[in-house]
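J.: Task: produce atomic coordinates for the following.
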Amino acid sequence: MTMVDRVMQAMGDRARAAFDAARMTPAATRTAALYAMADALERGGDAILAANADDVARARHDATADAMLDRLALTPGRIAAMAAAVREIACQTDPVGGEDERWTPPSGLDIARVRVSIGVLAVIYESRPNVTADAAALCVRSGNALILRSGSAALASATAIHAALVEGLTGAGLPGDLVQLVSTPDRAAVGALLTGLSGAIDLIVPRGGRSLVQRVQSEARAPVLGHLEGLCHTYLHAAADPEKARRIVLNAKMRQVTVCGATETLLVDASVADTLLRPVADDLLAAGCALRGDARTCAIVPEATPVVEADWTTEYLAPILAVRVVDGMAEALAHIARHGSGHTDAIVTEDPAAAAEFLDRVDSAIVMHNASTQFADGGQFGFGGEIGIATGRLHARGPVGAAQLTTYKYLVRATGAVRP
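T.: Below is the predicted model of the structure:
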């Protein structure tokens, strides 16, 4: 066993012990801890910003892409938003112990299905420092222990945020080991986490690009909650309201281009392309968005660059949008089914039947009608924050908040029942 393996196993053992010590903690104690964590984030703002400045300076020196720099950079406003998200999670109903259903079968047994914490989670993420706070708050709310492994680019920021979170935790009487951060940038630490640390880890959550998610899914020996990239589509149907279409598309692409809910492909119905595509494109071009279009798009919008096949499966995370003119709903649905990642897809239409068909037939975690795909966010769903947007089908799907970080058990009560 290497030194890194020993360090990681010790972290797993401490996380399991902290979970066992805190699992029966009253909801009120976890709520108090969350408020204390938010306060500590605000008090530690200067230290967090200083650490983040070091991360950003290193990233610039390494010629990091602008999209990644935007994800990495913190401001006083972003720290305030982190603290506000933690407080919003503190205000939520505690999911642990909640009763989903209760019934009595013919045997007379009193059976209840209740929510319980999962146990110890490992969250492996890349360049978003705010994931440190979001994941920690959601795990505390759901009664889980957590091991965080930040990407090396954000490690100084994550370390400063983690220090504030632990200050809040311990100040409220919870063990500091309930939320741990891997302090080494050594990639071997990820490999150790993927082993499950001799059963200490109950769930692994990768939060990053395709290569990270694929590695975790192929190598992990513990269950994985998958989050693929956001290949999000917006489809302008034949019955789209032009003004709504312009507002929605511009927001879906350009509000913040580096979020996974940003639209990466625009589909425009051929019946309205001649009248609708040009004004939509003008809005995007004026906002600094580069367009990559199929032949019919380029005929209407000469400023667009001819698309290549890879554009349909690229998560740009940049002011670039692929555009295709489609012959009706069937072709739009086929494009999404072939090229989408199952994240978020939207239709803009005033036709209720068309909206219903799209919502029913698109097999993505989030399907929207007349709304920007940038609403694909745990905070916007009322979850306070999210640990990621799950694109699989098992356990949880869509934004993963505190409730989705619980499982359940059955409580069976009787008065001396025996089975005939």
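J.: Do a quick rundown of the strands in the stretch 1-150 of the chain.
T.: For the stretch 1-150 of the chain, the strands defined by DSSP state E, counting those that start in this stretch cover 99-103, 110-117, 120-125, 145-149.
J.: if I pick the closest residue to P175 other than its chain neighbours, what's in contact with it?
T.: Excluding the flanking residues, the one nearest P175 by Cβ to Cβ, 6 or more residues apart in numbering is A18, at 4.3 Å. Quick note: C-beta positions are derived from backbone N, CA and C, even for glycine. Contacts for A18 (Cβ atoms under 8 Å, 6 or more residues apart in numbering) come out as A145, P175, G176, D177, L178.
J.: switch to 6 Å and redo it
T.: Residues near A18 by Cβ atoms under 6 Å, 6 or more residues apart in numbering: A145, P175, D177, L178.
J.: and what of A332?
T.: Y235, L267, V326 are the contacts of A332 under Cβ under 6 Å, 6+ apart.
J.: If I take the longest helix anywhere in the chain and strand 110-117, what angle do their directions form?
T.: Longest helix in the chain by number of residues (criterion: DSSP state H): helix 3-22. Here helix 3-22 runs at an angle of 140 degrees relative to strand 110-117 (axes from the mean of the first three to the mean of the last three Cα atoms, to 10 degrees).
J.: Enumerate the beta-bridge partners assigned to R113.
T.: E101, Y410 (DSSP bridges).
J.: In a markdown table, list the strands of the stretch 1-150 of the chain along with mean pLDDT.
T.: As requested, the strands of the stretch 1-150 of the chain are arranged in a markdown table below (pLDDT from 0 to 100):
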| stretch | mean pLDDT |
| --- | --- |
| strand 99-103 | 96 |
| strand 110-117 | 96 |
| strand 120-125 | 96 |
| strand 145-149 | 98 |
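J.: between those, which gets nearest to A53?
T.: strand 120-125 (20.1 Å; Cβ to Cβ).
J.: Just the CA coordinates for the closest one, please, in PDB.
T.: Output in PDB follows, covering the C-alpha atoms of strand 120-125 (Å, rounded to 0.1, in the frame of the first residue of the first chain):
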ATOM      1  CA  VAL A 120     -20.200   8.300   3.000                       C
ATOM      2  CA  LEU A 121     -20.100  10.100  -0.300                       C
ATOM      3  CA  ALA A 122     -17.000  10.900  -2.400                       C
ATOM      4  CA  VAL A 123     -17.400  13.800  -4.700                       C
ATOM      5  CA  ILE A 124     -14.700  14.200  -7.400                       C
ATOM      6  CA  TYR A 125     -14.900  17.500  -9.200                       C
END
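J.: ok, back up a step: among the contacts of A18, who's most crowded?
T.: When neighbours are counted by other Cβ atoms under 10 Å, A145 leads those with 31 neighbours.
J.: residue contacts, the nearest residue to it once chain neighbours are set aside?
T.: Leaving out its chain neighbours, the residue that sits closest to A145 by Cβ to Cβ, 6+ apart is F19, at 3.8 Å. Taking Cβ under 6 Å, 6+ apart as the criterion, F19 is in contact with G119, V120, A145.
J.: again with A172
T.: Contacts for A172 (Cβ under 6 Å, 6+ apart) come out as A32, A33, A36.
J.: Without its sequence neighbours, what residue ends up closest to it?
T.: In space, A172 is closest to A33, 3.7 Å off (Cβ to Cβ, 6+ apart).
J.: Next: A222.
T.: That would be G196: by Cβ to Cβ, 6+ apart, it lies 3.9 Å from A222.
J.: what's the answer for P399, then?
T.: Residue nearest to P399 in three dimensions, not counting chain neighbours: G378, with 3.8 Å by Cβ to Cβ, 6+ apart.
J.: now T75
T.: L49 (7.8 Å).
J.: Can you report how many residues neighbour the closest residue to C289 other than its chain neighbours?
T.: Nearest in space to C289, with sequence neighbours left out and distances taken as Cβ to Cβ, 6+ apart, is P319 at 4.5 Å. Per other Cβ under 10 Å, the neighbour tally for P319 reads 18.
J.: Please verify my assumption that P319 contacts A287.
T.: No: counting by Cβ atoms under 6 Å, P319 does not reach A287; the two are 7.4 Å apart.
J.: Show me the shaky parts of the stretch 1-150 of the chain.
T.: Residue ranges of the stretch 1-150 of the chain with pLDDT under 70: none are present.
J.: can you check the stretch 201-350 of the chain too?
T.: Across the stretch 201-350 of the chain, the ranges flagged by pLDDT under 70 are 228.
J.: how about the contacts of A332 in CSV, adding secondary structure, distance to I111 and neighbour count?
T.: Below are the contacts of A332 laid out as CSV (DSSP: H, G, I helix; E, B strand; the rest coil; distance: Cβ to Cβ, whole Å; neighbours: other Cβ atoms under 10 Å):
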residue, secondary structure, distance to I111, neighbour count
Y235, strand, 45, 27
L267, strand, 48, 23
V326, strand, 50, 22
